[in-house]
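Q: Quick one: sequence and predicted model below, then my questions.
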Amino acid sequence: MWTGVIPAVTTKFTADGALDHAEMERCFALQMQAGCDGLIVCGSLGEGPMLSPDERLEVLKTAQSVAGGKPVLLTVSEAGTREACALAARAAKAGASGLMVVPSPIYHTDEDETVATLSAVAAAGDLPVMIYSNRVAYRVDVTPRIMERLASDSRFVAIKESSDDIRRSTEIINHFGDRFAVLTGVDNLAFEALSVGAVGWVAGLVVAFPDETVAIYRLMKAGRTADALEIYRWFRPLLDLDVSTFLVQNIKLAEALAIGSTEHVRMPRKPLSGERRAAVEAIIRTALERRPTLKLAA
């Protein structure tokens, strides 16, 4: 159901902290124009936890307005299962194409609790679900054994694999075949994951560099691995910015420099400053200076 490059987009704010729908429309449209295959809103990069449920649905609506019929997923990442179910139900009423669900971002659920929570959210939304497995950030690992317990529910269609262990993608594919679509969720493991059979890339730096991200994916699918690797090696210092406590600020700075967007974030985050900003800006400016000529796949 879901393949290709699906950006986990940033949420745009005005200087006073309100949602900036005009800038979101512009930035989301850039993703579509580059050939991305859908959008995921209000995830970690999209500062979902800093948005009210109403605001998240507003961002969903804005993304739907520019997606051109391609899928738009809403992230569900709530501390409580009751709240997660309520948001899932509202997303369904708002016409979301599906849900990306974090099992439990605060309390570290055990296997039974993880299965129960994911199943409850899927039932409440009654939409296709991409499971978000990120044991590094959230310390809840959706293992193949857990996926086996979920496999009988046809609403679970995909997994955003962010365990930070490239072996996991092969383990899932070996065990389930094509039962679950495997999408890599770690920017600086994308080439490796696509090499072993991932069918999609839930990407972060794509929001600043959509053409390069799409080119890597399409070249990989066309079997032009060497051409894809050449771009990926250039891209790698930028992709490392996604694997950081400061990923939101890092990537919004990349958007500011690469596509002329804004850096506004919601507190407790603040824009990068001082030595940290200088280091990140140097990485971005160096990459822009050395930006490769793309060898596009048909």
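A: Cool, the structure landed.
Q: Following the chain onward from the strand or helix carrying residue 169, which element is next?
A: Element membership for residue 169 (DSSP states H and E) is helix 167-176. Using DSSP H and E, the next helix or strand after helix 167-176 towards the C-terminus is strand 181-184.
Q: any chance you could map the strands in the stretch 101-250 of the chain?
A: 129-133, 156-161, 181-184, 200-203 (DSSP state E, counting those that start in this stretch).
Q: What lies in contact with the second one?
A: By Cβ atoms under 8 Å, 6 or more residues apart in numbering, the surrounding residues in contact with strand 156-161 are 1-2, 98, 100, 118, 122, 128-134, 142, 147, 150, 168-169, 172, 180-186, 193, 198, 200, 202. C-beta: built from backbone N, CA, C; applies to glycine.
Q: Can I have the buried ones of those residues as a PyMOL selection?
A: Applying 16 or more other Cβ atoms under 10 Å to the contacts of strand 156-161 leaves a buried subset, and the PyMOL line that selects it is:
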select buried, resi 2+98+100+118+122+128+129+130+131+132+133+134+142+147+150+168+169+172+180+181+182+183+184+185+186+193+198+200+202
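Q: Check the burial of residue 144 by counting its neighbours.
A: 15 (other Cβ atoms under 10 Å).
Q: Then residue 178?
A: By other Cβ under 10 Å, 9 other residues sit near residue 178.
Q: for residue 164, same thing?
A: Neighbour count of residue 164, defined by other Cβ under 10 Å: 15.
Q: surely it meets residue 136?
A: Yes - in this structure, residue 164 is within contact of residue 136 by Cβ atoms under 8 Å, at 5.1 Å.
Q: who's in contact with residue 66?
A: Residue 66 sits next to 25, 28-29, 32 when contact means Cβ under 8 Å, 6+ apart.
Q: swap the cut-off to 6 Å and go again
A: By Cβ atoms under 6 Å, 6 or more residues apart in numbering, the residues touching residue 66 are 25, 28-29.
Q: With respect to residue 274, which of the residues you listed is nearest?
A: residue 28 (31.0 Å; Cβ to Cβ).
Q: got the contact list for the closest one?
A: Residue 28 touches 63, 66, counting by Cβ under 6 Å, 6+ apart.
Q: Mind telling me what element it is part of?
A: helix 21-33.
Q: which of the residues in that helix are buried?
A: 23-24, 27-28, 30-32.
Q: and those, which two are the farthest apart?
A: Greatest spacing in these, by Cβ to Cβ: 23 and 32 (15.2 Å).
Q: that older thread, next SSE after the helix holding residue 28?
A: strand 39-41.
Q: any idea how far that next one is from the chain center?
A: 7 Å (Cα atoms, centre = their mean, to the nearest Å).
Q: What is it packed up against?
A: Applying 3 or more Cβ pairs under 6 Å, 6 or more residues apart in numbering; DSSP states H and E, one finds that strand 39-41 contacts helix 53-66, strand 72-76.
Q: what's that strand in contact with?
A: With Cβ under 6 Å, 6+ apart as the test, strand 39-41 has contacts from 6-9, 59-60, 63, 67, 72-74, 100.
Q: Pull out the buried members of the residues you listed.
A: 6-9, 59-60, 63, 67, 72-74, 100.
Q: Run the chain-centre distance for stretch 141-154.
A: Centroid separation for stretch 141-154 versus its chain: 21 Å, with Cα atoms, centre = their mean.
Q: buried sites along that stretch?
A: Buried residues in stretch 141-154 (16+ other Cβ under 10 Å): 141-143, 146-147, 149-150.
Q: and what of stretch 89-102?
A: For stretch 89-102, by 16+ other Cβ under 10 Å, it's 89-92, 96-102.
Q: first vs last residue of it, how far apart are they?
A: One end of stretch 89-102 to the other measures 16 Å (Cα to Cα, to the nearest Å).
Q: do the same with stretch 127-142
A: End to end - Cα to Cα - stretch 127-142 spans 19 Å.
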